[in-house]
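S.K.: Can you look at this prediction? I've put the sequence above it.
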2 protein chains.
Amino acid sequence: MQRRMNKLGVAFRPHVKTTKCIAIAQAQIAAGAQGITVSTLKEAEQFFAAGISDILYAVGMVAPKLKQAAALIQRGCALKIIADSAESASAITAYAQEHKLPFEVWIEIDTDGHRSGVNPNGEELLIIGQILNRHEKTLGGVMTHAGSSYDLNTPAALQMLAEQERSLCVQAAVRLRAAGLACPNVSIGSTPTALSAQQLEGVTEVRAGVYVFFDLVMSNVGVCSVNDIALSVLTTVIGHQVDKGWAIVDAGWMAMSRDRGTQKQSKDYGYGQVCDVSGKVIEGFQLTGANQEHGILSQVNPCDDQKITSRFPVGTQLRILPNHACATGAQFPAYYMVYDRQVIGSAMSRFYGW
Amino acid sequence: MQRRMNKLGVAFRPHVKTTKCIAIAQAQIAAGAQGITVSTLKEAEQFFAAGISDILYAVGMVAPKLKQAAALIQRGCALKIIADSAESASAITAYAQEHKLPFEVWIEIDTDGHRSGVNPNGEELLIIGQILNRHEKTLGGVMTHAGSSYDLNTPAALQMLAEQERSLCVQAAVRLRAAGLACPNVSIGSTPTALSAQQLEGVTEVRAGVYVFFDLVMSNVGVCSVNDIALSVLTTVIGHQVDKGWAIVDAGWMAMSRDRGTQKQSKDYGYGQVCDVSGKVIEGFQLTGANQEHGILSQVNPCDDQKITSRFPVGTQLRILPNHACATGAQFPAYYMVYDRQVIGSAMSRFYGW
């Protein structure tokens, strides 16, 4: 991803909500990333404590969180926050005035109707920009996330959405500048659009998160293959229901998460794709059901005459590939790097909560 | 629940996988619970370290976990483990013989085709019993979990399943005893059947977990009302999409979990029921969508003419009731007890991982 961004001539700001792991974020920075994106102020605090200072908090700021954000800025963190409403912008500037704090705010732009953000062509964009720069130059840029890219699955559609994400976000910056408001940063991105964009004129940086592991959702979107997926859950067969063709494993939804992101995609993987312990896909076998600590492993289109008990004896160790790496990772306190069935180095801890 | 079990004349062994919280388990024991049920050996270790010794590990034991279980027993934990196959039973007794350890094993019975367990009327039950008692008296009882009770929603159906769970588990014990194998413990339970059973003849103890909080799934099953739900997630409105009738809140699936347990029930609550900050249900408003740290709040059957921005201004604090308390609780490091909008006492921490 870093090489791709270098070629496209933009900075890369990985979204560390996927891993919440300092060792992995440091590896991304060592590879060339300029700053990180976070989804909670706790992430900002943890990564700042680990020495990463350039942080974009990419969830709309509201008044109750300003004190926590201010504390980070006062300690030297180059924190950028975002707003997509006049109310939020006013709350931020009022707080900044009162506490004499140099907040940097990026305006969130809606480029695909997916979630948050203001219309790049609407009046509200300029109103927010004016509020932000009323007293001090608080406006630092615009940002968008084309999250609807997760719903696509052809290169042509992805390229079109990537261009839409780019052009509408750049347009918002152009409009702000035309209104006399400096807008140095233009930040866009999602893993699928970042991997599909053909050119990024006017963009200063790209954000992406899940690319770091990939997952079954991304393989259905078409931006990776199942063999590219770097996150798996180790599990053991603990029993069978022979009549039903089930092997019971000790990875349920507490391990895999309840994410069923592939349910509406071209290939539904249940709660995950079954692999042997070395990570080789066992075609046709999925985690078809999940209770808290029990997973139900079965063949999706039963055609194998071999009994489930001899195919997967009690004690068999397996790996399950996740639908959604962000959700599965969040269930665990640490990652282990594995090569040739051996754990390499020590556990890489991750944090959780808010 | 404890009063109900006292009346029915059985011991109560709460399943602490719901809370993973020592303070709450201690309150359950203070109320009369005899021992606890756990879903991981980490839970067993944590609760044993907190002084709770009588522990049933209710997930099928396999060879790779025996060492960890043995360490608990050697330190004085009255740990009971379960098996539902000849392979597991053999692995346990071989380990017990080799290490001269007094394992106590309960045989898991399948009473509703839901997941694990052996047929109470099959040959395998007696074979497992004989393996367990071949050298030492390792067999300690039978246990079952009628998890299919979650799929029901009438008192009559629940009472019938509760009686099926009871009678088939007792039958397994009777068959083992007739074969000369002592079977002192007969353990059954799920929250819906525990609250529906009319009599528990032959049963020695009942297990239940989610009753401690209840949730929207349980209210659809009909064993609680929405107002009985004791777990909620505090969130704040961070923005709007007026055209779509959306308020964006800062609780996404990382806070609520991805559990969509009400999706196939009589009432689908999306990712959760919206309440005001005091916990009063706001009829018709749900968390209809969820990204990692963003929730989409909207009216399910739009009929309210009031604009979403004036109904839920930016900064509004709300509470969201969860589909599944076990899954939502698992996303947080601690619980806060709230009365009349004030936090009572200190945070009650919970643990996670394996």
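M.R.: Thanks, I have the structure now. Numbering: from 1, shown residues only, chains lettered A, B, ... in the order given.
S.K.: close enough to count as contact, A:Val212 and A:Lys20?
M.R.: No. Because the distance of 11.3 Å does not satisfy CB atoms under 8 Å, A:Val212 is recorded as not touching A:Lys20. Every residue, glycine included, has its C-beta placed from N, CA and C.
S.K.: gap between the two ends of stretch A:177-196?
M.R.: 28 Å (CA to CA, to the nearest Å).
S.K.: residues of that stretch that come out buried?
M.R.: If you call a residue buried by 16 or more other CB atoms under 10 Å in any protein chain shown, then stretch A:177-196 has these buried ones: A:181, A:183, A:185-196.
S.K.: That one - what's its average pLDDT?
M.R.: The average pLDDT within stretch A:177-196 is 98.
S.K.: quick one: is that stretch near chain B?
M.R.: No. On the criterion CB under 8 Å from any CB of the partner chain, stretch A:177-196 is out of touch with chain B, staying 11.1 Å away.
S.K.: Run the chain-centre distance for that stretch.
M.R.: 18 Å (CA atoms, centre = their mean, to the nearest Å).
S.K.: related to what we said a few turns ago, of the buried residues of stretch A:177-196, which is the nearest to A:Ala230?
M.R.: Nearest to A:Ala230 among the buried residues of stretch A:177-196: A:Thr191, at 13.2 Å, using CB to CB.
S.K.: now the closest one: how far from A:Gln331?
M.R.: 20 Å (CB to CB, to the nearest Å).
S.K.: try A:Ile320
M.R.: Look at A:Ile320 and A:Gln331: by CB to CB, they are 12 Å apart.
S.K.: Looking at these two, which has the bigger crowd around it?
M.R.: The neighbour comparison of A:Ile320 against A:Gln331 (other CB atoms under 10 Å in any protein chain shown) goes to A:Ile320, with 28 against 23.
S.K.: confidence score at the residue nearest the centre of chain A?
M.R.: With distances taken as CA atoms, centre = their mean, A:Gly209 lies nearest the centre of chain A, 3.7 Å away. pLDDT, A:Gly209: 98.
S.K.: Surely it is in contact with A:Lys17?
M.R.: Yes. Look at A:Gly209 against A:Lys17 with CB under 8 Å: they come within range, at 5.8 Å.
S.K.: list the residues that contact both of those two?
M.R.: A:37, A:326 (CB atoms under 8 Å, 6 or more residues apart in numbering or on different chains).
S.K.: Could you check how far the helix ranked longest in chain A is from the centre of its chain?
M.R.: Looking only at chain A and at elements set by DSSP state H, the helix with the highest residue count is helix A:155-178. Offset of helix A:155-178 from its chain centre (CA atoms, centre = their mean): 20 Å.
S.K.: what comes up buried for it?
M.R.: For helix A:155-178, the neighbour count (16+ other CB under 10 Å) marks A:157-158, A:161-173, A:175-176 as buried.
S.K.: give the contact list for A:Ala58.
M.R.: Contact analysis of A:Ala58 by CB under 8 Å, 6+ apart lists A:15, A:37-39, A:82, A:143, A:145, A:207.
S.K.: swap in A:Gly35?
M.R.: Applying CB under 8 Å, 6+ apart, the residues contacting A:Gly35 are A:11, A:13, A:52-56, A:78.
S.K.: Compare the contacts of A:Ala58 and tell me which is most surrounded.
M.R.: Result: A:His145 is most packed of those (other CB under 10 Å), 30 neighbours.
S.K.: For the residue nearest to it when sequence neighbours are not counted, grab phi and psi.
M.R.: Spatial nearest neighbour of A:His145, excluding adjacent residues (CB to CB, 6 or more residues apart in numbering or on different chains): A:Ser190 at 5.7 Å. Torsion angles at A:Ser190 (phi, psi; degrees, to the nearest 10) stand at phi -160, psi 160.
S.K.: show me what contacts A:Ser190?
M.R.: Neighbours of A:Ser190 in contact, by CB under 8 Å, 6+ apart: A:145-147, A:149-150, A:165, A:207-208.
S.K.: Tabulate the residues you listed (a markdown table), appending distance to A:Arg258 and secondary structure.
M.R.: Formatted as a markdown table, these follow (distance: CB to CB, whole Å; DSSP: H, G, I helix; E, B strand; the rest coil):
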| residue | distance to A:Arg258 | secondary structure |
| --- | --- | --- |
| A:His145 | 23 | coil |
| A:Ala146 | 25 | coil |
| A:Gly147 | 19 | helix |
| A:Ser149 | 22 | helix |
| A:Tyr150 | 17 | helix |
| A:Glu165 | 29 | helix |
| A:Arg207 | 26 | coil |
| A:Ala208 | 24 | coil |
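S.K.: and of these, the nearest to chain B?
M.R.: A:Gly147 (6.7 Å; CB to the nearest CB).
S.K.: pLDDT at the closest one, what is it?
M.R.: For A:Gly147, the model assigns a pLDDT of 96.
S.K.: Please apply the same query to A:Arg115.
M.R.: On the pLDDT scale, A:Arg115 gets 87.
S.K.: which residues touch it?
M.R.: Counted by CB under 8 Å, 6+ apart, A:Arg115 has contacts A:145, A:147, B:241, B:248, B:291, B:294, B:296.
S.K.: ok, of these, which one's closest to A:Thr93?
M.R.: B:Ile248 (20.6 Å).
S.K.: Which residue, other than its chain neighbours, is closest to that closest one?
M.R.: Nearest non-adjacent residue to B:Ile248, counting by CB to CB, 6+ apart: B:Gly239, 4.2 Å away.
S.K.: closest to B:Ser349 among the buried residues of stretch A:177-196?
M.R.: A:Thr191 (34.1 Å).
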